[in-house]
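A.B. asks: Kindly generate the corresponding structure for this input.
(2 chains)
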Amino acid sequence: MKPADPIVLIVDDDQMVREGIRSLVRSIGLRALTFASATEFLSAKLPDVPRCLVLDVRMPGQSGLDLHRQLKEAQNEIPTVFITGHGDIPMTVRAMKQGAIEFLTKPVRGQDLLDAVQSALDRDRVLRREHSEFESIRKRFQSLTPRETEVLNLVVAGLLNKQIADQLGTSELTVKTHRAHVMEKTQADSLASLVRMAERLKRGSRN
Amino acid sequence: MAQSNFRYLTAALRYFFAIVLVVAALLLSVAFQKPFGNPSWFLFPAAILATTWLFGTGPGWFAVCISTLVVQYFLIPPFRTWILQPRDIPYFVTFVVCELVANRVIAWRIRTETALKEAHDQLERRVAERTADLDQANHALRNQMAEQLRTEEALQAARTELARVVRITTVGELATSIAHEVNQPLAAVVANADACVSWLTLQDPNVSEAQAAALRAVEGATRASEVIARIRSLITKGTPERLEVDINNVIEETITLTRGQMVRNDVSLSLALDARIPHVFGDRIQLQQVILNLIVNAIEAMASITGRERRLEIRSQFEPHSGIRVSVQDAGVGIAEELIPRLFDPFFTTRTQGIGMGLAISHSIVEAHGGRLWAESKVNQGTLFQLTLPIQEDFTHETC
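C.D. replies: I've put the predicted structure just below:
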């Protein structure tokens, strides 16, 4: 298997359920790692590949929901499929609000679980792509000089070259040069795309 | 006494025999007079003696009278006359005195004997009466005992049934937890069975993976059925048994029934079982009920605790002198000191939905096993329940 192959992370305190899900996941050619508790999961070093989490809600110690929230708060969101022995409505609502992919009740039908795992992996692929896009935008924007950044901010704010020159106390020609550099360095093919990228950076999150 | 029977002959016969004896004495005296010369009356006191002895006082007096007359008439000269010469008076008086003495001695003897006999009879009667009384008392006592035995049996049956009802109530309180306990292995069964099918439906089926998954499915199904069997044994009727019980095993099984409840209530379990403890004799289900009750109570006591770990410590120890000790320590709300003495009273409860029978039943179960169950508590720190069970089979055979 290639290292970039997606991996399914399974956290369940019941060893037999864990093994069952692992076997099921492996039977469709996915890699799987199992953990008996939230603590064990948190202390493990995870490979940087598309992944998703199959998480038991009710476990001794830290619950599945707590673990999920903790990951989200640490900006380390992993698309999660919750499984639970008895899912009551408030619990389901909480999980879905936290951004769960699916909330399945035990005993889980194999196909349902695999479908949920696939969509969670798809979600992670999207997340990862967005993340890497974000990172590349950030890198490109970081390569701007302070003057170029100033010009960029004013451009994005919707000012014309003349207005920018007035504000910065330079000539319109200088502004034009800076602006061309900005477009080149950020690889923006239009003003609209530059604005979109700037906005995305401003939001500061992965999406 | 044989001769005394004659005293109960009809009066006429007795008086007739008196005459016969006196006449016999006279004939013998006359007969003896020929060879020995002098007439002698010594046979008359003998006749009187015999008459009184054989036929009673009345014929005795009668013999005295006729003997006196006969002797005076036939044996005191001048013979065959009623004349009594002055020189014969001392002789005659002596004779009468002898007669009277003979008569009185025997009469006295008879009286004594009669009194003795009466006393004896009375004693016998009294003994018989007393024996009858005793028999009656004995009978009454036996009835009472039988009654008591029946009552005890009824009580026993009622207690057994009550214990079962309390068990069912406890199991009912644990329903969600138990459902989880059954559902969990079923989830394992489904996941592994699905995996098995999946491995087999591959283009290139992976039999060994399928087999491993199938085995896990079987294991899961077995586990589910074990949980169900355990619950069934807890709620079915049955008479208390006396068998070897492994307390550690009882504790472990009870924990599997309550694990779900612990997880839901965020209780962390610390288990320290002494592997050296020997088996005890007792009723496995009843002992399990005690442990179950203590664990459920401990979880309940910690349900409202925040700011400290909800830690449940279960420990078993072997103590060579007192036997086996099991302790269940919670970190719950605790019990006020003044309530502790009432803790094991029936219908005493601090819980809103409890019926207050759990600890009362547990207490009687432990006592019936010859052991002790007690509690120590500190408000806002937790409660420690401890029970001891003897190892030897020297407990009472009463059970509840």
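
A.B. asks: in chain A, which residue is closest to the centre?
C.D. replies: In chain A, the residue lying closest to the centroid (Cα atoms, centre = their mean) is residue A:127, at 3.9 Å.

A.B. asks: Now do whatever helix or strand that one lives in: which elements does it pack against?
C.D. replies: Element membership of residue A:127, judged by DSSP states H and E, is helix A:110-142. Using 3 or more Cβ pairs under 8 Å, 6 or more residues apart in numbering or on different chains; DSSP states H and E, the elements in contact with helix A:110-142 are helix A:15-27, strand A:51-56, strand A:80-84, strand A:102-105, helix A:191-203, helix B:175-200. Just so you know, the C-beta spots here come from the backbone N, C-alpha and C atoms, and that holds for glycine as well.

A.B. asks: Quick check: mean pLDDT of that helix?
C.D. replies: Taken as a whole, helix A:110-142 has a mean pLDDT of 90.

A.B. asks: Next, the angle from it to strand A:51-56.
C.D. replies: 130 degrees (axes from the mean of the first three to the mean of the last three Cα atoms, to 10 degrees).

A.B. asks: before we move on, the earlier item: any chance of the helices and strands packed on helix A:110-142 in TSV, plus distance to residue B:158, mean neighbour count and mean pLDDT?
C.D. replies: Formatted as TSV, those follow (distance: least, Cβ to Cβ, whole Å; neighbours: other Cβ atoms under 10 Å in any protein chain shown; pLDDT from 0 to 100):
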stretch	distance to residue B:158	mean neighbour count	mean pLDDT
helix A:15-27	43	24	92
strand A:51-56	45	26	92
strand A:80-84	43	27	91
strand A:102-105	43	19	88
helix A:191-203	73	14	85
helix B:175-200	26	22	88
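
A.B. asks: wait, the residue nearest to the centre of chain A sits on residue A:77?
C.D. replies: Yes: in this structure, residue A:127 is within contact of residue A:77 by Cβ atoms under 8 Å, at 7.2 Å.

A.B. asks: Tell me how far the most centrally placed residue in chain B lies from chain A.
C.D. replies: When Cα atoms, centre = their mean is applied to chain B, the residue found nearest the centroid is residue B:145 (7.3 Å). Residue B:145 sits at a distance of 55 Å from chain A (criterion: Cβ to the nearest Cβ, to the nearest Å).

A.B. asks: what helix or strand does that residue sit in?
C.D. replies: helix B:89-173.

A.B. asks: what does the stretch 51-200 of chain B put close to chain A?
C.D. replies: Proximity of the stretch 51-200 of chain B to chain A, by Cβ under 8 Å from any Cβ of the partner chain, involves residues B:176, B:179-180, B:183-199.

A.B. asks: run the last query once more with 7 Å
C.D. replies: By Cβ under 7 Å from any Cβ of the partner chain, the part of the stretch 51-200 of chain B that sits against chain A consists of B:176, B:180, B:183-188, B:190-192, B:194-195, B:198-199.

A.B. asks: Tell me where the model's unsure across chain B.
C.D. replies: Within chain B, the ranges that satisfy pLDDT under 70 run B:1-5, B:7, B:37-39, B:237-238, B:350-355, B:392-400.

A.B. asks: now the helices: where do they sit in it?
C.D. replies: Counting by DSSP state H, chain B has helices at residues B:11-36, B:43-55, B:57-70, B:89-173, B:175-200, B:207-235, B:247-264, B:284-302, B:358-368.

A.B. asks: Tell me what angle the fifth one forms with strand A:80-84.
C.D. replies: By that I understand helix B:175-200. Put simply, helix B:175-200 runs at 130 degrees to strand A:80-84, going by the same axes, to 10 degrees.

A.B. asks: And for the chain, the residue most distant from the center?
C.D. replies: Chain wasn't specified; assuming chain A. No residue in chain A sits farther from the centre than residue A:171, which is 42.7 Å out by Cα atoms, centre = their mean.

A.B. asks: try chain B instead
C.D. replies: Distance-from-mean max, chain B, by Cα atoms, centre = their mean: residue B:78 at 89.6 Å.

A.B. asks: If we ignore the residues flanking it in sequence, what's nearest it?
C.D. replies: residue B:85 (7.7 Å; Cβ to Cβ, 6 or more residues apart in numbering or on different chains).

A.B. asks: So what's the residue count around the one you found?
C.D. replies: Neighbourhood size, residue B:85 [other Cβ atoms under 10 Å in any protein chain shown]: 11.

A.B. asks: any idea how far it is from residue B:349?
C.D. replies: Plainly put, residue B:85 is 120 Å away from residue B:349 if you go by Cβ to Cβ, to the nearest Å.

A.B. asks: again with residue B:282
C.D. replies: 26 Å.

A.B. asks: So these two - more neighbours on which side?
C.D. replies: A side-by-side neighbour count of residue B:282 and residue B:349, using other Cβ under 10 Å, places residue B:282 first with 28 against 16.

A.B. asks: gap between that one and chain A?
C.D. replies: Applying Cβ to the nearest Cβ to residue B:282 and chain A gives a distance of 31 Å.

A.B. asks: That residue and residue B:244 touch, don't they?
C.D. replies: No: checked against Cβ atoms under 7 Å, the pair residue B:282 and residue B:244 is beyond contact range at 8.6 Å.

A.B. asks: Could you please give me the overlap between the contact lists of the two?
C.D. replies: Counting by Cβ atoms under 7 Å, 6 or more residues apart in numbering or on different chains, residue B:282 and residue B:244 have no common neighbour.
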